Structures are given as structure tokens and as C-alpha cells.
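Asks: Got a predicted structure here, sequence first:
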Amino acid sequence: MQIDLNCDMGESFGAYCLGEDEAIIASVSSINIACGLHAGDPHVMNRTVRLAKERGVAVGVHPGLPDLLGFGRRDMACSPEEIADYLTYQIGALQAFCTAQGVRLRHVKPHGALYNRAANDEQLVRVMARAIARIDRGLLLVGLAGRDNCRMAALAAEEGVHMVFEAFPDRAYTPEGTLVSRRLPGAVILDPEAAALRVLRMVLDQEVEAVSGAVVPLAAQTLCIHGDHPQGAALAAIIRARLEAAGVMVRPMRPV
């Protein structure tokens with residue numbers, strides 16, 4: 001059995017430093033790089049691609065809505081055309097840095113509000129998959145693991161793109177299988193040991209316990225560690241150690 005362990009990185013911006021990228025990257029197999037709309041800037045993007053190349057870690061795009069003030073976590077009334085343009089702009093920017101450094105771009109993981117909306121918005125999944133396919137059909141689209149995996153994967157496949165599904169050890173879940181809003185207490189699981197205990201259940205049993213106590217089924221091919229988690233480096237190291245001790249190989253994401 002194998003699983004990908006990914007982290008959102010490259011979220012620093014100008015004089016502002018966010019996340020422990022250099023420490024966390026030692027424990028993950030894939031990273032998702034912000035591209036300047038919700039976080040990041042050209043210099044940070046270039047530096048993060050170089051870091052991934054040095055560490056042999058797979059690189060993906062982490063495109064968000066144009067919301068620096070809200071870190072891309074506030075929803076915006078964007079048309080399908082606008083969303084397609086935002087994705088194209090950010091994928092193209094990171095693709096250029098990858099090409100310049102001889103690194104292959106492997107996946108697209110939407111950020112924040114864009115990601116959450118796509119969990120139950122079939123039209124948005126189609127829009128994103130279509131935009132990605134026009135650039136590179138070999139790019140994987142990452143979405144939230146849940147009850148609708150098969151339906152969402154089929155929609156993306158109709159547009160020419162494979163989907164990979166993701167679970168979050170450091171986030172609380174609703175009984176519906178979505179992530180608890182960060183506005184609510186307990187949405188982020190701060191204790192690395194508590195988060196690590198959830199990992200093996202997610203991977204081996206393909207389920208997670210929601211805040212209500214209900215058991216939610218999920219089939220994930222990748223697990224996310226947030227780069228801005230207060231104990232991100234410790235969390236990533238503990239999770240990787242637990243997975244490998246259970247005989248689960250940590251490898252970059254691949255099509256289902």
C-alpha cells in the first residue's frame with residue numbers, strides 16, 4: 001500500500017514569512033506551491049521549486065482566488081470564465097519556473113474557498129478540469145475525498161483530466177464529509193499525536209470520525225499537512241513515521 005503526503009508551501013510573500021517549508025519538505029512526497037493570488041510571489045515560487053528539486057519532491061500548483069487579504073479563504077462571486085482564467089494564469093506562472101529549473105509539474109490542487117466550493121459543485125469541477133486539460137492533460141486535479149469521489153472523477157475525466165482525492169489529518173470533519181469551517185473552534189487539530197492517530201484510520205480503514213462522532217467513509221490517495229500549521233514540521237515527521245511503521249509507503253500521488 002502507498003499514499004502521498006503533501007503540503008501547501010511557498011506561501012510567504014514579500015517581507016512576510018509563513019510556514020516551515022525547509023523543515024516540512026523533509027517528510028513529504030509532494031508540495032503545492034502558491035502562485036501569488038492568495039499567497040506567494042515570484043521569488044518565493046522560484047525558491048520553492050528549487051527546494052523541491054533539491055529534495056526530490058513532486059511539485060504541484062496551489063491556485064487560489066485573488067484574495068491576499070483573506071488568504072484565499074473568502075468566497076468570491078466569480079464567473080466560470082474568471083475562474084478558468086485564474087487557474088490558467090497561476091498554472092502558467094508556476095509551469096514557467098518548473099521549466100526553467102528542469103522540474104516536471106505534476107498536479108493542481110485548488111486552495112481555500114475554491115477547493116471547498118469544488119467539493120460539491122459539479123460545474124466548478126468541470127470548469128477547472130477543462131482549464132487544466134487545455135494546458136496539460138497529464139496534470140492531476142486534487143479534490144476532497146468523500147462520498148462523491150466517483151461522480152467527481154467521472155466529470156473530470158469527461159474533460160480529459162484524472163482526479164486524485166485528498167484527506168486532512170489536521171482538520172476536523174463534518175458528518176457530511178466536508179471540512180469544519182476554520183471560523184469554528186476545533187477546526188484545526190493542533191496536537192500532532194492526535195492528528196497522527198487519525199492517519200492510519202484514514203489510510204487503512206478509509207474512514208474518519210466526524211465532530212458528531214459519526215463515521216464518514218473516504219478513499220484518499222493523498223494526505224495534506226498544512227504549511228501554516230503551528231507544528232507543521234513535527235506533524236509531518238510524526239505522520240510519515242507512523243505510516244512507514246505500518247508498512248505504508250509514502251510516494252508522490254498518481255492517478256486512481
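Replies: Arrived safely. Bear in mind that the values here come from a model prediction, so they are computed numbers and not experimental data.
Asks: drop to CA atoms for contacts and neighbour counts, all remaining ones
Replies: Fine.
Asks: check contacts around the closest residue in space to Met253 that isn't next to it in sequence.
Replies: Spatial nearest neighbour of Met253, chain neighbours left out: Asp4 (5.0 Å); criterion: C-alpha to C-alpha, 6 or more residues apart in numbering. Asp4 makes contacts with Val28, Ser29, Ser30, Gln221, Thr222, Leu223, Val250, Arg251, Pro252, Met253, as judged by C-alpha atoms under 8 Å, 6 or more residues apart in numbering.
Asks: that's a helix at the last one, yeah?
Replies: In this case it means Met253. No - applying DSSP: H, G, I helix; E, B strand; the rest coil, one finds Met253 to be coil, outside a helix.
Asks: Quick one: neighbours of it, just the number.
Replies: By other C-alpha atoms under 10 Å, 24 other residues sit near Met253.
Asks: For it, give me the pLDDT.
Replies: On pLDDT, Met253 comes in at 92.
Asks: any idea where the helices of the stretch 101-250 of the chain begin and end?
Replies: 112-118, 122-135, 149-158, 192-204, 232-245 (DSSP state H, counting those that start in this stretch).
Asks: Relative to Arg74, which of the ones you listed is closest?
Replies: When the helices of the stretch 101-250 of the chain are compared by C-alpha to C-alpha, helix 112-118 sits nearest Arg74, at 5.8 Å.
Asks: Sort out which residues of stretch 186-196 are buried, please.
Replies: Ala187, Val188, Ile189, Leu190, Pro192, Ala195, Ala196 (16 or more other C-alpha atoms under 10 Å).
Asks: quick one, what contacts the residue lying closest to Ile238 once chain neighbours are set aside?
Replies: Once flanking residues are discounted, Ile238 sits nearest to Ala196: 6.6 Å by C-alpha to C-alpha, 6+ apart. For Ala196, the contacting residues are Pro169, Leu235, Ile238, Ile239, Arg242, by C-alpha under 8 Å, 6+ apart.
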